[in-house]
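>>> need coordinates for the below:
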Amino acid sequence: MAKNGGNGTAGGNSPVDFSAMDKVVVKRLSDEVAEKIRTFILERNLEAGTRLPSERVLAEQFGASRPTVSQALRTLSLMGLVETRRGSGAYVLRQPDITMRASVDLMLELEAGSVSSLADFRFWLETLGVRESVAGASADATQVARAALERLRTSVGETSAWIAADTIFHSTIVSLAGNPYLTSIYESVHTAVIAYEYRPWVENDDVPDWLRPDQAEAQIALHEPIVAAIEAGDTEAAVQAVRHHHEAMLQHLHRSRPESAADG
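Numbers count the residues shown, from 1 in each chain. Predicted structure coming up:
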């Protein structure tokens, strides 16, 4: 059996082709801290409304800087797990679920140009979810949907609270279909897409223009028709409302990450 030569050739004859080797994904420190905080919430069984330790305490506990902890908390806001209230601190919104998000994130990191495909997949999942939600909607279900919308409305002006409430809103709409597997997959895909969309906010606290307070009514107008259609039992109106929201999300993706415009 021929041995490899020391000059980067196989058997001393042909150069080794490294082009097919998998890329190595380097995990950001803030992502590692976010996972530690997520685990902390699970292990301590922290209920919704529980105030997390201050950024300073979290930084000391996890051996990270306060800016890194801030990034981690913003990442958890994307998941609808935590919201940061100005002048008050960070609060648990809900318990983390065990989902397939890690696999989706890895795929997106390896194939960054696939974000539009992932956004389309998110749309298909939400379309399926809203169809089933309308079909099985009860008075209690419509109240849950309306409450999620009102939470979103009251979050206007606070970026972290808004993004967290938005994630909870869409997850709630899909969960009304009554299939936990669909909800879990949807949440994983949704979170991966908006993590890509809001990466400048997570990394630099750079708030996108469509989240400014003066744009609040336009954002509510993207979500209100979804709830109204569920309340009316109008499947086609619900699907159209979800499509309208999807089209706006694609615009946001292209505006926040210009390099993604070429992959559509």
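
>>> pull the distance from stretch 229-248 to the chain's centre.
Taking CA atoms, centre = their mean, to the nearest Å, one finds stretch 229-248 lying 21 Å from the centre of the chain it belongs to.

>>> er, stretch 120-135 actually
Mean-position distance between stretch 120-135 and its chain equals 17 Å (CA atoms, centre = their mean).

>>> contacts for that stretch?
141, 145, 170, 173-179, 182-183, 185-186, 189-190, 193, 226, 229-230, 233-235, 238-239, 241-243, 246 (CB atoms under 8 Å, 6 or more residues apart in numbering). Heads up, the C-betas are built off the backbone N, CA and C, glycines and all.

>>> out of those, which are buried?
In these, burial by neighbour count holds for 141, 145, 170, 173-177, 182-183, 185-186, 189-190, 193, 226, 229-230, 235, 238-239, 241-242, 246, counting by 16 or more other CB atoms under 10 Å.

>>> what helix or strand is the most centrally placed residue in the chain on?
Centroid check for the chain by CA atoms, centre = their mean gives Thr191 as the closest residue, at 1.9 Å. Here Thr191 sits within helix 180-197, counting by DSSP states H and E.

>>> with Val239 instead?
Following DSSP H and E, one finds Val239 within helix 235-256.

>>> what does stretch 48-60 contact?
Here stretch 48-60 makes contact (CB under 8 Å, 6+ apart) with 33, 37, 41, 46, 61, 64-66, 68-70, 73, 82, 88-95.

>>> chain center to the helix holding Thr191, what's the gap?
Between the centre of helix 180-197 and the centre of its chain there are 6 Å (CA atoms, centre = their mean).

>>> do a quick rundown of the helices in the protein.
Residue ranges of the helices in the chain, as given by DSSP state H, are 29-43, 55-62, 66-78, 101-110, 115-135, 139-154, 159-175, 180-197, 199-204, 216-232, 235-256.

>>> Ala139 and Ala145, how far apart?
From Ala139 across to Ala145, the span is 11 Å (CB to CB, to the nearest Å).

>>> can you check Gly178 too?
Gly178 sits at a distance of 13 Å from Ala145 (criterion: CB to CB).

>>> which neighbours do those two share?
Shared contacts of Gly178 and Ala145 (CB under 8 Å, 6+ apart): none.

>>> skipping its backbone neighbours, what lies nearest Ser88 in space?
Distances taken as CB to CB, 6 or more residues apart in numbering place Arg51 nearest to Ser88, at 7.8 Å, with adjacent residues excluded.
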